[in-house]
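>>> structure for the following, please:
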Amino acid sequence: MKKLSLFTAALIALGVVSQASADNVVYLTGSTAFRSSVQAALAAGTGIFDATPSAAYRLGSSASGSTYMLFHGTIGGVSTYLDCYWTGSDAGMASVANVAINNDGQPLFGAPATFMKADGTVAYTTVVGDPTSAELESSSRQADIAFADTSVSSGLPAIVAANNTSPLVSYGNIAIVCFAWLKNNNSASGASAAKTAWSDLSNITTFQMQTLFAAGSCTADYLTGAPADDTTMVYLVGRNKGSGTRANVLNDSQYGLTVAVAQNTIGGGLVANADGTYPAPVLTTPLQLAACGDNGYETGGSVTTALGFPGSTTQADPFVNPYTGLNGAGWIAIGYASCSDAIKNGVTVANWLTENGVPESDGAIESGAYSYWGYENLYGRSNIAGTYQDADAQLIYNAVANSLATSGSVAANHDVGLNPAYMNCQKNTDFSTPAHN
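Residues are numbered from 1 along each chain as shown. Just a heads-up that it's a prediction; the model follows:
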């Protein structure tokens with residue numbers, strides 16, 4: 001056996017026999033809000049790979065917005081895959097904790113996660129659609145590390161319970177991750193009460209958030225203060241329970257992290273494909289507005305894609321206005337997402353709402369005036385210490401942190417993540433309002 005092993009090793013060295021199983025593989029998951037920052041660091045390779053790695057992207061209109069990412073190169077001379085599947089912060093923490101989450105009566109997708117194959121068979125290309133079944137592993141697995149927009153202490157109950165038994169490894173806070181409230185696009189011409197209400201809508205308060213989360217909709221006048229806007233309804237579009245974006249907004253609004261919400265979809269996107277992946281919302285004519293209860297979109301990109309569909313202010317409201325007893329001549333949708341997902345999917349800053357009268361910006365966050373933001377954490381599975389996955393996680397943490405060295409230095413910007421060095425305030429817990437230093 002020893003001679004055979006030495007002979008096989010010699011063949012491998014000569015390239016006569018391949019040994020895909022010899023490659024190290026690190027499985028990453030977590031925050032869709034922060035994935036563009038991670039992608040930039042991984043793709044550059046600086047501080048992680050020995051040279052620029054090969055990269056494959058699936059299910060995204062751009063590399064930085066892809067749900068699946070696969071990087072391959074050498075780390076310290078060792079052939080290594082970094083295999084990424086971005087499903088949301090809480091879904092990511094659940095995956096590294098190896099627990100399932102009940103998402104409105106069904107298992108939360110991505111906890112555990114099914115990754116692309118790390119065996120050299122996946123082509124290093126960028127594909128807008130889902131990976132093929134041949135590109136996915138045959139079953140789900142526990143992830144090694146997860147980026148999370150909140151701390152594990154404010155995770156969903158199953159995550160907290162698992163962490164109490166087998167604590168996850170915390171690599172620390174990397175950055176401040178930034179979010180915004182948005183209204184849907186309105187590019188239709190002409191005049192209507194709904195378009196007037198859309199124009200009037202510019203701000204949301206903490207108490208208005210609480211009403212929307214509980215009911216899923218309200219008349220526009222409740223948000224605008226203009227009595228004539230009462231004939232137009234506003235519908236909430238948001239994320240599922242695996243989302244750190246959702247966790248942050250529920251904490252920020254003081255609604256309650258585990259209290260059920262009522263949300264809606266535009267163009268679908270919540271019904272799984274045959275391979276278990278979820279499609280992005282699809283533009284339809286007329287727009288398809290539907291209630292989805294305590295569920296929501298898997299990614300922030302799906303939220304901003306749905307909000308990016310124009311035409312709601314000229315489409316008859318499919319639901320009856322409870323105050324007029326009529327179907328309105330148009331409707332409005334609002335939602336919440338990371339700044340990166342909003343900008344990337346065309347929901348421009350002109351469509352962002354102020355929160356309690358304060359517009360989102362790097363400077364407003366750093367001063368403590370704007371409160372919808374969170375700490376970006378990196379967590380590893382409980383048994384990761386001392387492994388190569390642990391060592392590579394340290395490299396990833398440092399590389400991402402270094403890539404954000406100047407992020408937040410321009411007060412007027414709307415950056416994905418901010419260097420904590422620029423912060424003049426802090427949140428003592430995930431549930432706290434910002435306190436100035």
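>>> where does the prediction get shaky in the stretch 251-400 of the chain?
274-277 (pLDDT under 70).
>>> hey, where'd the helices end up in it?
Assigned by DSSP state H, counting those that start in this stretch, the helices in the stretch 251-400 of the chain fall at 300-307, 339-344, 362-367, 388-403.
>>> any idea which of the ones you listed is most buried?
helix 300-307 (a mean of 29; mean count of other Cβ atoms under 10 Å). In this view, the C-beta of every residue, glycine as well, is placed from N, C-alpha and C.
>>> CA atoms only: put that helix into PDB for me.
In PDB, the C-alpha atoms belonging to helix 300-307 read as follows (Å, rounded to 0.1, in the frame of the first residue of the first chain):
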ATOM      1  CA  GLY A 300     -32.100  42.000  -1.000                       C
ATOM      2  CA  GLY A 301     -31.600  42.000  -4.800                       C
ATOM      3  CA  SER A 302     -35.000  40.300  -5.200                       C
ATOM      4  CA  VAL A 303     -36.600  43.100  -3.000                       C
ATOM      5  CA  THR A 304     -35.000  45.900  -5.100                       C
ATOM      6  CA  THR A 305     -35.800  44.000  -8.400                       C
ATOM      7  CA  ALA A 306     -39.500  43.900  -7.300                       C
ATOM      8  CA  LEU A 307     -39.500  47.600  -6.300                       C
END
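>>> circling back: dump the helices of the stretch 251-400 of the chain into JSON lines; add distance to F49 as well.
Output for the helices of the stretch 251-400 of the chain, formatted as JSON lines (distance: least, Cβ to Cβ, whole Å):
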{"stretch": "helix 300-307", "distance to F49": "26"}
{"stretch": "helix 339-344", "distance to F49": "23"}
{"stretch": "helix 362-367", "distance to F49": "30"}
{"stretch": "helix 388-403", "distance to F49": "9"}
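>>> domain boundaries for this protein, per the record?
20-177+374-436, 179-367 (automatic domain parsing).
>>> distance of T121 from Y397?
For T121, the distance to Y397 (Cβ to Cβ, to the nearest Å) stands at 29 Å.
>>> before we move on, what about G65?
22 Å.
>>> same check on P434?
24 Å.
>>> out of the helices of the stretch 251-400 of the chain, which gets nearest to S151?
Closest approach to S151 among those (Cβ to Cβ): helix 388-403, 15.3 Å.
>>> which parts of the stretch 101-250 of the chain are helices?
Assigned by DSSP H, counting those that start in this stretch, the helices in the stretch 101-250 of the chain fall at 157-165, 193-200, 206-215, 220-224, 244-252.
>>> out of those helices, which is the most enclosed?
It is helix 244-252: most buried of those by mean count of other Cβ under 10 Å, with a mean of 27.
>>> what inclination does that helix have with respect to helix 300-307?
80 degrees (axes from the mean of the first three to the mean of the last three Cα atoms, to 10 degrees).
>>> what's in contact with helix 244-252?
Outside helix 244-252, the residues that touch it by Cβ atoms under 8 Å, 6 or more residues apart in numbering are 30-33, 88-90, 148-150, 154-155, 177, 179, 206, 209, 213, 238-240, 256-257, 259, 261, 296, 300, 336-338, 371-374, 430-431.
>>> between the helices of the stretch 101-250 of the chain, which one is nearest to V320?
Here helix 206-215 is closest among the helices of the stretch 101-250 of the chain (Cβ to Cβ), at 14.1 Å.
>>> off-centre distance for that closest one?
Its chain's C-alpha centre and that of helix 206-215 lie 22 Å apart, by Cα atoms, centre = their mean, to the nearest Å.
>>> between helix 244-252 and that helix, find me the angle.
120 degrees.
>>> now for helix 206-215, which elements pack on it?
strand 217-219, helix 220-224, strand 233-237, helix 244-252 (3 or more Cβ pairs under 8 Å, 6 or more residues apart in numbering; DSSP states H and E).
>>> tell me the angle the third one makes with helix 206-215.
Right, strand 233-237. With the same axes, to 10 degrees defining the directions, strand 233-237 sits at 80 degrees from helix 206-215.
>>> using CSV, list the CA coordinates for strand 233-237.
Output in CSV follows, covering the C-alpha atoms of strand 233-237 (Å, rounded to 0.1, in the frame of the first residue of the first chain):
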residue,chain,number,x,y,z
MET,A,233,-52.8,52.1,-0.6
VAL,A,234,-49.1,51.5,0.3
TYR,A,235,-47.9,47.8,0.5
LEU,A,236,-44.8,46.5,2.3
VAL,A,237,-42.3,44.4,0.4
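>>> coming back round to it: closest to I75 out of the helices and strands packed on helix 206-215?
Closest among those, once you apply Cβ to Cβ, is helix 244-252, at 27.2 Å.
>>> for that closest one, list the C-alpha coordinates in CSV.
Extracted C-alpha coordinates of helix 244-252, given in CSV (Å, rounded to 0.1, in the frame of the first residue of the first chain):
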residue,chain,number,x,y,z
GLY,A,244,-30.0,40.3,8.5
THR,A,245,-31.6,43.3,6.7
ARG,A,246,-34.9,42.2,8.1
ALA,A,247,-33.5,41.6,11.6
ASN,A,248,-31.9,45.1,11.6
VAL,A,249,-35.1,46.9,10.5
LEU,A,250,-37.2,45.0,13.1
ASN,A,251,-34.7,45.9,15.8
ASP,A,252,-34.4,49.5,14.5
